[in-house]
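[1] just need the structure, nothing else, for what follows:
(2 chains)
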Amino acid sequence: MSFAALCLALAIAQSQDSTRHIAIDERLAADAHLHLGDRVSLSATPGESGSVATIGAIVRRSADPAEIARGEYKVRLHLTQLQDLLGYGDRVDRFAVATTSEQVIGSAAERINSAAFGFRAHRSRDIAVQTSATFAVVSRFHRAIGVITIAASAIFLLCIMLLKVDERRRDVAALRLMGISARTIVRGVVLEAAGIAVFGSVVGVGVGLATSWLVNLHYQGVYRTPLRFSIVTTDIMLGAVALSLVLGIVAGWLAARRLVHTPPLALFGR
Amino acid sequence: MSAMLEVRALVREYPMGDERVAALRGVTFDVDDGDYAAIVGPSGCGKSTLLNLLGVIDRPTSGTVAIGGERVDQLSDGRATEFRLRRIGFVFQRFYLMQALSARENIELPLAEAGLGKVARRDRARALLDYVGLGAREGHRPSQLSGGEQQRVAIARALANSPKIVLADEPTGELDARTGAEMIALFERLNADGTTIVVVTHDEDLARAARRMIHMRDGVIVGDERAR
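    Here you go, the predicted model:
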């Protein structure tokens, strides 16, 4: 099967014969109200009389971010069918070579480059890097925004936790007067802060997953693509919980230390 | 009868700008083992300052304090904390119970700090709750208890590690007259059972219930009488 994006003039034919089969993407099928078994007329330019083909398959579009903004439809034809349609004859623009192992890719590319004049062989990985350069830049922007957001919220959370612990200065004073040691108080506050931080981060991860699901649901509908616009990976979840835990421990420790180093009478405001 | 509390020439001054203000100006008295003393006097006379020094929360400018024969006026912060845990029971005007803990767990706090095992401290906490008449309320949180009940829990907590002396700062200050009377009865029972009590109060009924009333004014003791 060959793969091409075409400007198509489609006409639904009702009769049945032994026409060749083509595959169309689900976006085209939806927009043109086409179904399996429908017969269509294919031509290279609108208005021309073309060859008739039967829809043999409706395929899902690939999750390719490069295709998001394009309004093109995709049709898969047999190679000979495509050649007839375009009038290209026997011609090859590019072809792919699969190797048995990754180690021989370099030597295979060298052999093709030396043997096939006019061709240039590239690793698929290199092509992927070149074609996704824009997305790599966007990804770096996203990462930078994420780091700034996390840093700012970390400072904010730290301040909130310090204030929250400070609200309990009278409780801490009473504990000190009862003879509870500074070490026990610090340990208790840190454990509580860590517990709250982990609980909060788990709730946050849950909210993140739900939001991500809604974002994907919305934009996959808008752009009619299986591409996932928002991904919450295991690494992200673990990172969020770990960061929150560290913040909780640091905030709890700082706040508790400040309290236990203040004389109990001062904590009582005397 | 031996002295549980020995206070000698106690002075406490606070810096205020370039001057030093004396809250206590040479206080000397003893409290016998098993006694029940109320320190009374007008606001600002030095009662609370004296109680802070007796409770090893503060250090005197000069003078000495001994509890159970042990000097406590110059203890380090760590030693003072340990001493308060094992030898002194505090009862505050505003109870200061931990809101997240039940009545029993509040009492278990100082027991856990003292290293008592889980079963032992649970039994001890239950026994103390029974003693203050709240055996049926052990699982209730402070917010589910009345002011009088909270103060009873606070008293049970103060007794947790069988202290040599209980110090109370206006223990009826937040209670209505009827609940205050119940608290006075509880203090009397506590004293009758052998606990040494020193209470700072404005409450005349509470002061009259004590065996001894120490009157203070302007940082000195101006009267010391056996109430009954």
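[2] list of residues touching stretch A:92-102?
    A:105, A:108, A:112, A:121, A:124 (CB atoms under 8 Å, 6 or more residues apart in numbering or on different chains). For the C-beta atoms, the positions are set from N, CA and C on the backbone; glycine is no exception.
[3] tell me, how many residues neighbour the last one?
    By other CB atoms under 10 Å in any protein chain shown, the residues close to residue A:124 number 11.
[4] ditto for the first one
    By the other CB under 10 Å criterion, the neighbourhood of residue A:105 contains 16 residues.
[5] next one: the longest helix seen in chain B to chain centre, how far?
    Counting residues, the longest helix in chain B under DSSP state H turns out to be helix B:177-192. Relative to its parent chain, helix B:177-192 has a centroid offset of 14 Å by CA atoms, centre = their mean, to the nearest Å.
[6] tell me the buried residues in that helix?
    B:179, B:180, B:181, B:182, B:183, B:184, B:186, B:187, B:188, B:190, B:191 (16 or more other CB atoms under 10 Å in any protein chain shown).
[7] that helix - contacts with which helices or strands?
    On a contact count with 3 or more CB pairs under 8 Å, 6 or more residues apart in numbering or on different chains; DSSP states H and E, helix B:177-192 meets strand B:36-40, helix B:147-158, strand B:196-200, helix B:204-209.
[8] mind putting these in JSON lines, mean neighbour count and mean pLDDT included?
    Output for those, formatted as JSON lines (neighbours: other CB atoms under 10 Å in any protein chain shown; pLDDT from 0 to 100):
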{"stretch": "strand B:36-40", "mean neighbour count": "24", "mean pLDDT": "95"}
{"stretch": "helix B:147-158", "mean neighbour count": "24", "mean pLDDT": "93"}
{"stretch": "strand B:196-200", "mean neighbour count": "25", "mean pLDDT": "95"}
{"stretch": "helix B:204-209", "mean neighbour count": "17", "mean pLDDT": "91"}
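[9] find the centremost residue of chain B, please.
    Closest residue to the average C-alpha location of chain B: residue B:167 at 1.5 Å, with CA atoms, centre = their mean.
[10] and the helix or strand harbouring that one, anywhere near chain A?
    Assigned by DSSP states H and E, residue B:167 belongs to strand B:165-169. No: if you take CB under 8 Å from any CB of the partner chain as the test, strand B:165-169 misses chain A, and the best it gets is 9.4 Å.
[11] pLDDT of that strand, averaged?
    What strand B:165-169 shows for mean pLDDT is 93.
[12] which bits of chain A sit near chain B?
    Contacts of chain A with chain B, taken as CB under 8 Å from any CB, map to A:170-171, A:173-182, A:184, A:263-265, A:270.
[13] report the buried members of these.
    A:171, A:173-182, A:184, A:264-265.
[14] all helices for the chain, in order.
    Answering for chain A, as no chain was given. A:26-31, A:79-86, A:105-115, A:124-131, A:133-166, A:169-178, A:182-223, A:234-260, A:264-267.
[15] to clarify, I was referring to chain B.
    B:47-54, B:77-87, B:103-113, B:118-131, B:147-158, B:177-192, B:204-209.
[16] export the ones you listed as a markdown table, with columns for distance to residue A:60.
    Formatted as a markdown table, the helices of chain B follow (distance: least, CB to CB, whole Å):
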| stretch | distance to residue A:60 |
| --- | --- |
| helix B:47-54 | 77 |
| helix B:77-87 | 69 |
| helix B:103-113 | 59 |
| helix B:118-131 | 60 |
| helix B:147-158 | 67 |
| helix B:177-192 | 75 |
| helix B:204-209 | 83 |
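[17] who's the closest spatial neighbour of residue A:252, skipping the chain neighbours?
    Closest residue to residue A:252 apart from its sequence neighbours, by CB to CB, 6 or more residues apart in numbering or on different chains: residue A:193 at 2.8 Å.
[18] where does residue 96 land on pLDDT?
    Assuming you mean chain A. Confidence score, pLDDT, at residue A:96: 84.
[19] wait, I meant chain B there
    You'll see residue B:96 listed with a pLDDT of 88.
[20] in terms of pLDDT, where does residue 12 sit?
    Looking at chain A here, since you left the chain open. So residue A:12 comes in at 44 (pLDDT).
[21] should've been chain B
    Looking at residue B:12, the pLDDT reads 95.
[22] equivalent analysis for residue A:1, please.
    36.
[23] okay but residue A:83 is in contact with residue A:89, surely?
    Yes: between residue A:83 and residue A:89 there is a contact under CB atoms under 8 Å: 6.2 Å.
[24] run a quick neighbour tally on residue 102.
    Let's take chain A. Residue A:102 has 9 neighbours, counted by other CB under 10 Å.
[25] hmm, no, I was thinking of chain B.
    The number of residues near residue B:102, taken as other CB under 10 Å, comes to 20.
[26] ok, it touching residue B:143?
    No: using CB under 8 Å, residue B:102 is not in contact with residue B:143; the gap is 10.8 Å.
[27] burial count for residue 65?
    In the absence of a named chain, chain A is used. Neighbour tally, residue A:65, other CB under 10 Å: 14.
[28] wait, chain B was what I had in mind.
    23.
[29] verify the stated contact: it with residue B:72.
    Yes: using CB under 8 Å, residue B:65 is in contact with residue B:72, at 5.4 Å.
[30] as JSON lines, the buried residues of helix B:177-192 with pLDDT and distance to residue B:134 would be great.
    As requested, these are arranged in JSON lines below (pLDDT from 0 to 100; distance: CB to CB, whole Å):
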{"residue": "B:179", "pLDDT": "89", "distance to residue B:134": "13"}
{"residue": "B:180", "pLDDT": "90", "distance to residue B:134": "17"}
{"residue": "B:181", "pLDDT": "91", "distance to residue B:134": "17"}
{"residue": "B:182", "pLDDT": "90", "distance to residue B:134": "12"}
{"residue": "B:183", "pLDDT": "90", "distance to residue B:134": "13"}
{"residue": "B:184", "pLDDT": "92", "distance to residue B:134": "17"}
{"residue": "B:186", "pLDDT": "91", "distance to residue B:134": "11"}
{"residue": "B:187", "pLDDT": "91", "distance to residue B:134": "16"}
{"residue": "B:188", "pLDDT": "93", "distance to residue B:134": "18"}
{"residue": "B:190", "pLDDT": "90", "distance to residue B:134": "14"}
{"residue": "B:191", "pLDDT": "93", "distance to residue B:134": "19"}
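[31] max pairwise distance over these: which two?
    B:179 and B:191 (18.9 Å; CB to CB).
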